[in-house]
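Engineer: got a sequence here, can you build the structure:
(chains A and B)
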There are 2 protein chains.
Amino acid sequence: VNLVLLEPSEVFQHSGVELSGPRAAHLIDVLRVVPGQTVRVGVIDGPVGVGTVRVVADKRVVVDCAFESGSAPRPGVDLLLALPRPKVMRRMWAQLSALGVSRIILTNAEKVERPYFDTHFLQPECYRPLLLEGLQQARDTALPTVTIHRRFKVLVEDDLGGLSDAGLRLVADPSGTRGLSDVVRSRPGDSTPTRVLLAIGPEGGWNSFELALLDAHGFERVSMGPRILRTDTACLALLALVHDALTPSRG
Amino acid sequence: VNLVLLEPSEVFQHSGVELSGPRAAHLIDVLRVVPGQTVRVGVIDGPVGVGTVRVVADKRVVVDCAFESGSAPRPGVDLLLALPRPKVMRRMWAQLSALGVSRIILTNAEKVERPYFDTHFLQPECYRPLLLEGLQQARDTALPTVTIHRRFKVLVEDDLGGLSDAGLRLVADPSGTRGLSDVVRSRPGDSTPTRVLLAIGPEGGWNSFELALLDAHGFERVSMGPRILRTDTACLALLALVHDALTPSRG
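Structural biologist: Model (predicted):
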């Protein structure tokens, strides 16, 4: 943990926050904090700041917090992801929030198996702590918004515009002829877009109907080259490429 | 599995290969092959080709193989990695070979704990099948070469030149002021390098002695921005960026 995340309700009208449970245990057992020591703190979807440890007692820690003004910017990537199998999805939550996504839009597709939607890994009680874990690793406070959509066509035709305002829509598919960074960096007659909506299909790929629907709704196909990657590997690799391509070059 | 990998000894002077064990089980139970069907095949560190299923019998499959001439090129990345903890390393093997690395150089560092070196995940019997799994996923045949070095200074000063002939050496560190793709793409008065040696530190980072030694041996520091990532996430993200940066733009 490189940042201790606090709920907005915990810092409402108090600069002193009393922590118990896993966060206190981590501060005491792993970071071995002592009174007077400072730790990085952040408010979920709010500012970051510095916390000064005031009290370390049995299983609880009191921290005085001073926050910077303004919240961290939301990451420039929204992710449209065909729901992977539960084991893979469970592993991905913390990695997605660590790499940085503003919105996670989980969808059905032909090659998504129905039981995948019934797993408890799709319950906020399950995934929220995992998303927070990734944020605390990456020192970010912007909690990704998660929505789950069982009807792909309805999602793409009716809901997607309201979910993501990204100026560039990309879909990863072996039929793409250009790489992701190439497409993001070389927008014709235009500067680099500030936000990207990235669609990543199921393990067996999008079917032709799904690809055609994405085409019709402005998704540009990008390839990852000849290698075929597992969904989770591909997802992390593509997110890294989007973030990098959205970062202005200092060269 | 998107490619069935064969040992060189299996295809020596035979075009017909009899498979048993896990590969046969996968062909029979998952891919449900029937005689006459074709599957992609490849020889470890050799060519890829097409295999025509001739016999499907109880727990064994006979495949007639026709290989293309020439081997696939080795990936353009060598990885110098401070040994992560065993659980993380175990998870990384298949992902590294799927993303593509030519050489995996595992090293000690101050923040690497000694017991990490004693795990059985560093035995070829353990990691080779995991590397092959990643290659079969990615449809590659180039098996990464793995070496393990307990003395960082000796490795960097004496051995590294013989291990990697990469024209560009990079080390990921928060002190870097430029991003990886920026550095790879904008070599002064030079074209894009064809091979990169990428150094990734332990979970707690390189110490100042280690960084100074890498500096002295030509490693340029690159940053991944303000986010702090777990070793495995950072490693996959940086490998994706190197591969992308080494790919000529088609824009």
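Engineer: wait, residue A:20 touches residue A:59, no?
Structural biologist: Yes. Applying Cβ atoms under 8 Å, one finds residue A:20 in contact with residue A:59, separated by 6.1 Å. (C-beta placed from N, C-alpha, C; glycine too.)
Engineer: assign a three-state SS to residue A:165, would you?
Structural biologist: Residue A:165 falls in the coil class when you classify it by DSSP: H, G, I helix; E, B strand; the rest coil.
Engineer: so what's the residue nearest to it when sequence neighbours are not counted up against?
Structural biologist: With sequence-adjacent residues excluded and distances taken as Cβ to Cβ, 6 or more residues apart in numbering or on different chains, residue A:165 is closest to residue A:195, at 6.7 Å. Going by Cβ atoms under 8 Å, 6 or more residues apart in numbering or on different chains, residue A:195 touches A:76, A:77, A:78, A:102, A:164, A:165, A:166, A:167, A:168.
Engineer: could you flag which of the residues you listed are buried?
Structural biologist: Among the contacts of residue A:195, those buried by neighbour count (16 or more other Cβ atoms under 10 Å in any protein chain shown) are A:76, A:77, A:78, A:102, A:164, A:166, A:168.
Engineer: identify the farthest-apart pair in these.
Structural biologist: Farthest-apart pair in the buried ones among the contacts of residue A:195 is A:102 and A:168; separation 13.8 Å (Cβ to Cβ).
Engineer: how about the strands in the stretch 101-250 of chain A?
Structural biologist: Secondary structure of the stretch 101-250 of chain A (DSSP state E, counting those that start in this stretch): strands located at A:103-107, A:145-149, A:168-172, A:196-200, A:219-222.
Engineer: return the most buried member of the ones you listed.
Structural biologist: The highest mean neighbour count among these, using mean count of other Cβ atoms under 10 Å in any protein chain shown, belongs to strand A:196-200: a mean of 25.
Engineer: before we move on, the earlier item: got the strands of the stretch 101-250 of chain A as TSV, with distance to chain B and mean pLDDT columns?
Structural biologist: Compiled in TSV, the strands of the stretch 101-250 of chain A are given as follows (distance: least, Cβ to the nearest Cβ, whole Å; pLDDT from 0 to 100):
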stretch	distance to chain B	mean pLDDT
strand A:103-107	16	98
strand A:145-149	19	97
strand A:168-172	12	96
strand A:196-200	13	97
strand A:219-222	11	96
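Engineer: next, format these as TSV and append distance to residue A:127.
Structural biologist: Formatted as TSV, the strands of the stretch 101-250 of chain A follow (distance: least, Cβ to Cβ, whole Å):
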stretch	distance to residue A:127
strand A:103-107	9
strand A:145-149	7
strand A:168-172	22
strand A:196-200	17
strand A:219-222	25
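Engineer: among those strands, which is nearest residue B:48?
Structural biologist: strand A:168-172 (22.8 Å).
Engineer: centre of the chain to the closest one, how far?
Structural biologist: On the basis of Cα atoms, centre = their mean, to the nearest Å, strand A:168-172 sits 17 Å off its chain's mean C-alpha point.
Engineer: how about the contacts of residue A:195 in CSV, adding distance to residue A:217?
Structural biologist: Shown next, in CSV, are the contacts of residue A:195 (distance: Cβ to Cβ, whole Å):
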residue, distance to residue A:217
A:76, 20
A:77, 18
A:78, 14
A:102, 19
A:164, 11
A:165, 14
A:166, 12
A:167, 14
A:168, 13
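Engineer: least confident pick among those residues?
Structural biologist: Lowest model confidence among the contacts of residue A:195 falls on residue A:167, which carries 90.
Engineer: hmm, residue A:194 and that residue touching each other?
Structural biologist: Yes. Residue A:167 lies in contact with residue A:194 (Cβ under 8 Å); the separation is 6.6 Å.
Engineer: around chain B, which positions in the stretch 101-250 of chain A sit nearby?
Structural biologist: Remark: the part of the stretch 101-250 of chain A in contact with chain B comprises A:137-140, A:177-183, A:185-186, A:225-230, A:233, A:236-241, A:243-244, A:247, A:249-250, using Cβ under 8 Å from any Cβ of the partner chain.
Engineer: what about 7 Å?
Structural biologist: Remark: the part of the stretch 101-250 of chain A in contact with chain B comprises A:137-140, A:178-179, A:181-182, A:186, A:225-230, A:233, A:236-237, A:240-241, A:244, A:247, A:249-250, using Cβ under 7 Å from any Cβ of the partner chain.
Engineer: of the residues you listed, grab the buried ones for ChimeraX.
Structural biologist: Of those, the buried ones go into a single ChimeraX selection, burial set by 16+ other Cβ under 10 Å:
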select /A:137,138,139,140,178,179,181,182,227,228,229,230,233,236,237,240,241,244
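Engineer: return the subset of the residues of the stretch 101-250 of chain A next to chain B lying in helices.
Structural biologist: A:137, A:138, A:181, A:182, A:233, A:236, A:237, A:240, A:241, A:244 (DSSP state H).
Engineer: identify the farthest-apart pair in the residues you listed.
Structural biologist: Greatest spatial distance among these (Cβ to Cβ): A:137 and A:182, at 29.8 Å.
Engineer: so which of the buried ones among the contacts of residue A:195 is the closest to residue B:128?
Structural biologist: residue A:77 (35.7 Å).
Engineer: what sits against that closest one?
Structural biologist: Under the criterion of Cβ atoms under 7 Å, 6 or more residues apart in numbering or on different chains, the contact list for residue A:77 reads A:100, A:101, A:102, A:196, A:198, A:239, A:242, A:243.
Engineer: run the last query once more with 6 Å
Structural biologist: For residue A:77, the residues meeting the contact criterion (Cβ atoms under 6 Å, 6 or more residues apart in numbering or on different chains) are A:101, A:196, A:242.
Engineer: the last one: neighbour count?
Structural biologist: Neighbouring residues of residue A:242 were enumerated by other Cβ atoms under 10 Å in any protein chain shown; the total is 26.
Engineer: before we move on, what SS does the closest residue to residue A:37 other than its chain neighbours have?
Structural biologist: In space, and not counting its chain neighbours, residue A:37 is closest to residue A:53: 4.8 Å by Cβ to Cβ, 6+ apart. Using three-state DSSP as the criterion, the local structure at residue A:53 reads strand.
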